[in-house]
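**Q** Build me a structure from this.
(one chain, ligands or ions: 1)
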Amino acid sequence: MIGAVDIGGTKIAVGMVDNSGTVLSQAQAPTDPDHYTSGIKSIADMLRETSQKAGVELTGIGIGSTGPVDPIRGEFGDVDFLPGWRGKSPVRDLEAIFNVRVALENDGDAAALAEAGWGAGRNRSRLIYVTVGTGIGGGIVLDGQLYRGVNGAHPEVGHHVVDPAGPECSCGFRGCWESLAAGPAMVAWIESHAPAAYLHRPGVTAKRICELAQEGDDVALQAVEHEAYYLGLGLANLINLFTPDAIVLSGSVMKSAPLFLDRIREVIRRGCRFVPAEKTQLTLASLGDDTNLIGAARVWHYRFGQGT
Ligand SMILES: [Zn+2]
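**A** Okay, here's the model as predicted:
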């Protein structure tokens with residue numbers, strides 16, 4: 001029974017996940033970006049609480065975390081929004097508390113491993129996982145192995161440029177895929193393009209825009225069209241670069257995938273003529289809202305398990 005820990009910028013989720021990827025119990029707490037020691041204490045408390053609730057004994061701990069992290073050393077890297085956690089080792093600290101083996105990966109890689117092992121990516125030898133929410137992240141799994149860059153680095157699929165004249169991004173470029181095709185890009189489009197009298201503008205969210213588009217709202221439909229175009233460009237780039245068997249789509253924006261998929265496929269068809277793009281299956285993630293938590297557990301199996 002694996003204790004799964006999903007560390008995000010705003011909340012930490014903890015749960016017990018069995019050997020088939022089912023979450024038996026879970027708890028969550030807000031992330032304190034400045035204080036690592038109290039954060040680890042809170043994680044340990046939640047691990048005890050959830051294992052008790054599920055009536056199971058912890059045999060290992062897997063962690064998926066917002067990045068960058070160093071999976072080999074088991075340490076946090078230079079995480080902008082968790083300043084108090086930089087350079088700390090949750091692997092060493094949780095091993096000391098629970099006396100079990102602990103593994104850490106970037107959360108995009110963790111979720112990619114989960115979809116590859118227990119979800120929509122099963123039996124796909126070349127798989128790219130993409131999550132579209134407040135940002136765009138992902139992971140690449142080739143023949144069951146996580147693709148790692150130099151020094152174990154995690155590739156940033158959200159930060160390839162699709163329009164150099166686009167909005168500034170925190171990475172240093174303009175017009176990254178993330179800045180044009182994550183949820184906030186739809187909100188930004190409404191804010192700069194909707195007519196002055198547009199009633200739904202104040203406080204609009206990506207989720208609300210999708211609902212309005214489903215109801216046939218003309219302005220929301222234009223925002224969706226814009227979003228789908230940029231989603232399609234980025235996915236077409238991934239297909240041209242990697243020609244994977246499947247791209248698994250996840251994240252809050254992809255909960256409204258039917259709004260985007262036709263246009264995405266049209267963009268891909270138009271621009272991927274030199275690769276068998278029709279052979280790359282676009283598929284929706286199948287593990288639901290617990291993907292990141294299940295991914296954290298999968299990290300342990302990936303590192304230490306055999307044949308799982
Ligand atoms: Zn960027």
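**Q** which residues in this protein form helices?
**A** With DSSP state H as the definition, the chain shows helices at residue ranges 36-54, 90-98, 107-118, 177-181, 183-193, 206-214, 218-242, 257-271, 291-304.
**Q** Quick check: which of these is buried the most?
**A** Ranked by mean neighbour count under mean count of other Cβ atoms under 10 Å, those are led by helix 107-118, which reaches a mean of 29. Where you see a C-beta, it was placed from the backbone N, CA and C, and this is true even at glycine.
**Q** and it, what does it pack onto?
**A** For helix 107-118, the elements it packs on are strand 2-7, strand 60-65, strand 126-132, strand 136-142, strand 145-146, strand 246-250, helix 291-304, judged by 3 or more Cβ pairs under 8 Å, 6 or more residues apart in numbering; DSSP states H and E.
**Q** Which among these is found nearest to the ion?
**A** Proximity to the ion (Cβ to the ion) singles out strand 136-142 among the helices and strands packed on helix 107-118, at 9.4 Å.
**Q** Which strands and helices lie in contact with the closest one?
**A** Taking 3+ Cβ pairs under 8 Å, 6+ apart as the contact cut, strand 136-142 packs with helix 107-118, strand 126-132, helix 177-181.
**Q** May I have the distance across stretch 189-197, first residue to last?
**A** With Cα to Cα, to the nearest Å as the measure, stretch 189-197 spans 15 Å from end to end.
**Q** Reformat the helices of the chain as CSV; add mean pLDDT and distance to residue 77.
**A** Shown next, in CSV, are these (pLDDT from 0 to 100; distance: least, Cβ to Cβ, whole Å):
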stretch, mean pLDDT, distance to residue 77
helix 36-54, 97, 14
helix 90-98, 98, 12
helix 107-118, 95, 13
helix 177-181, 97, 19
helix 183-193, 96, 24
helix 206-214, 98, 28
helix 218-242, 98, 24
helix 257-271, 97, 32
helix 291-304, 96, 16
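**Q** Residue 65 and residue 9 touch, don't they?
**A** No - using Cβ atoms under 8 Å, residue 65 and residue 9 do not qualify as a contacting pair, with a distance of 9.9 Å.
**Q** Who has more neighbours out of those two?
**A** When residue 65 is set against residue 9 and neighbours are counted by other Cβ atoms under 10 Å, the residue ahead is residue 65, at 27 against 15.
**Q** Per-residue confidence at that one, what does it come out as?
**A** The predicted local confidence for residue 65 comes out at a pLDDT of 95.
**Q** about what we covered before: closest one to residue 155 among the helices and strands packed on helix 107-118?
**A** Shortest distance between residue 155 and the helices and strands packed on helix 107-118, using Cβ to Cβ, is found for strand 136-142: 6.7 Å.
**Q** quick one: is the closest one near the ion?
**A** No - for strand 136-142 and the ion, the contact criterion (Cβ under 5 Å from the ion) is not met; the two come no nearer than 9.4 Å.
**Q** ok so, going back, how about a markdown table for the helices of the chain, with distance to residue 133 added?
**A** Written out in a markdown table, the entries for the helices of the chain read as follows (distance: least, Cβ to Cβ, whole Å):
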| stretch | distance to residue 133 |
| --- | --- |
| helix 36-54 | 22 |
| helix 90-98 | 23 |
| helix 107-118 | 11 |
| helix 177-181 | 10 |
| helix 183-193 | 6 |
| helix 206-214 | 8 |
| helix 218-242 | 13 |
| helix 257-271 | 13 |
| helix 291-304 | 11 |
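**Q** Residues of the chain that sit close to the ion?
**A** Residues of the chain found near the ion, taking Cβ under 5 Å from the ion as the criterion, are 159, 169, 171, 176.
**Q** what about the second one, how many residues close to it?
**A** Counted with other Cβ under 10 Å, the neighbours of residue 169 add up to 18.
**Q** Other residues contacting stretch 97-105?
**A** The contact list for stretch 97-105, computed with Cβ atoms under 8 Å, 6 or more residues apart in numbering, reads 3, 40, 44, 47, 58-65, 69, 71, 74-75, 90-91, 94-95, 113, 146, 299-300, 302-304.
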